[in-house]
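Visitor: Pasting the sequence and the predicted coordinates here, then a few questions.
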Amino acid sequence: MRLKITALFLCAPAFAFACGGAAQNAQSPVAAATPAQTPAAAAVALPKTETCQLISAEEFREVQGEEPADAQGTEHTAAGLSMSQCFYRLPTFSKSVNLEVTRAAEGAPAGALKSHWRNLFGPDSLEARGRRLGREEAAKAEREEILKREREAGGFREGGKRRKKDREAEDAPPRRVEGVGLEAYWTGNKTAASLYVLAENAVVRVSPAAGEEVDVKIKKASELARRVLKRL
């Protein structure tokens, strides 16, 4: 009888150790588990370039109504300019935005950035665009006059009308935008357009995806540009 009792006392510590170990092992997966990452947290953790950090997820929600699902960026240098861009993809793709920041590269000649802006929107550049658009308008008027005469004569040339897609791809003259940066222009067409903003040390380009009216896109692009300028 004494032998049995002694054996039970000897086994008790081992049993307690085994139970404790089992309890710890049962709890370890719970302790090691981490909460699933929410879409908002994922959006904040995604930036790949400096430019991808210039607009926060919260600011996108305020302006675009959604937070980015992804943000992918690239950087390169050309002609004395350093260009960094980021594409913010939003759950509703038509609300996505491409952001590009152009600065003078290290060792670039003085005035490289201003020269770049003049090439885009200087008087000579705008005049050249005006002449090109004037020629296109003149050619368009001539084509329409020819088609009109053909219709009046009872004939109609197949293919005389341009497709809607072709008309939408035509660039409109740059449109001056007030109240953002030192100078700003909206340029492009119904399919693809951008807001270009001149700052003291950079040129910012905000390109919303298609899907909204031009005035709405300009307003939202201007607000995003203002957020970016505060961080440059």
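Guide: In hand now; what should we look at?

Visitor: which stretches of this structure form strands?
Guide: In the chain, the segments counted as strands under DSSP state E are 70-78, 81-89, 97-104, 172-176, 183-188, 193-198, 203-208.

Visitor: Counting neighbours, what do you get for Gln53?
Guide: Using other C-beta atoms under 10 Å, Gln53 has 15 neighbouring residues. Quick note: C-beta positions are derived from backbone N, CA and C, even for glycine.

Visitor: distance of it from Met83?
Guide: 16 Å (C-beta to C-beta, to the nearest Å).

Visitor: on that earlier part again, now render the strands of the chain as JSON lines, adding mean neighbour count.
Guide: Formatted as JSON lines, the strands of the chain follow (neighbours: other C-beta atoms under 10 Å):
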{"stretch": "strand 70-78", "mean neighbour count": "15"}
{"stretch": "strand 81-89", "mean neighbour count": "20"}
{"stretch": "strand 97-104", "mean neighbour count": "21"}
{"stretch": "strand 172-176", "mean neighbour count": "14"}
{"stretch": "strand 183-188", "mean neighbour count": "19"}
{"stretch": "strand 193-198", "mean neighbour count": "22"}
{"stretch": "strand 203-208", "mean neighbour count": "22"}
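
Visitor: can you put those strands in CSV and add distance to Arg227 and mean pLDDT?
Guide: Listed next are the strands of the chain as CSV, based on distance: least, C-beta to C-beta, whole Å; pLDDT from 0 to 100:
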stretch, distance to Arg227, mean pLDDT
strand 70-78, 15, 92
strand 81-89, 12, 95
strand 97-104, 10, 96
strand 172-176, 21, 88
strand 183-188, 14, 95
strand 193-198, 12, 96
strand 203-208, 10, 96
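
Visitor: Adding distance to Phe60, write those strands out as a markdown table.
Guide: Converted to a markdown table, the strands of the chain look like this (distance: least, C-beta to C-beta, whole Å):
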| stretch | distance to Phe60 |
| --- | --- |
| strand 70-78 | 10 |
| strand 81-89 | 7 |
| strand 97-104 | 8 |
| strand 172-176 | 24 |
| strand 183-188 | 20 |
| strand 193-198 | 16 |
| strand 203-208 | 12 |
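
Visitor: wait, which of those strands is closest to Phe121?
Guide: With C-beta to C-beta as the measure, strand 183-188 is the member of those nearest Phe121 (5.3 Å).

Visitor: Report all helices and strands that the closest one contacts.
Guide: Applying 3 or more C-beta pairs under 8 Å, 6 or more residues apart in numbering; DSSP states H and E, we find strand 183-188 packed against helix 112-121, strand 172-176, strand 193-198, helix 214-229.

Visitor: Contacts made by it with the rest, please.
Guide: 117, 120-121, 171-178, 193-198, 214, 218, 221-222, 225 (C-beta atoms under 8 Å, 6 or more residues apart in numbering).

Visitor: Looking at the helices and strands packed on strand 183-188, which is nearest to Leu99?
Guide: Of all the helices and strands packed on strand 183-188, helix 214-229 sits nearest to Leu99, with 6.8 Å by C-beta to C-beta.

Visitor: List the buried residues in that closest one.
Guide: Using 16 or more other C-beta atoms under 10 Å as the test for burial, helix 214-229 gives Lys217, Ile218, Lys220, Ala221, Ser222, Leu224, Ala225, Arg227, Val228, Leu229.

Visitor: I'd like those as CSV, with pLDDT and distance to Ala184 appended.
Guide: Output for the buried residues of helix 214-229, formatted as CSV (pLDDT from 0 to 100; distance: C-beta to C-beta, whole Å):
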residue, pLDDT, distance to Ala184
Lys217, 94, 13
Ile218, 96, 9
Lys220, 96, 14
Ala221, 97, 9
Ser222, 97, 7
Leu224, 97, 12
Ala225, 98, 7
Arg227, 96, 14
Val228, 97, 12
Leu229, 96, 10
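
Visitor: No further questions, thank you.
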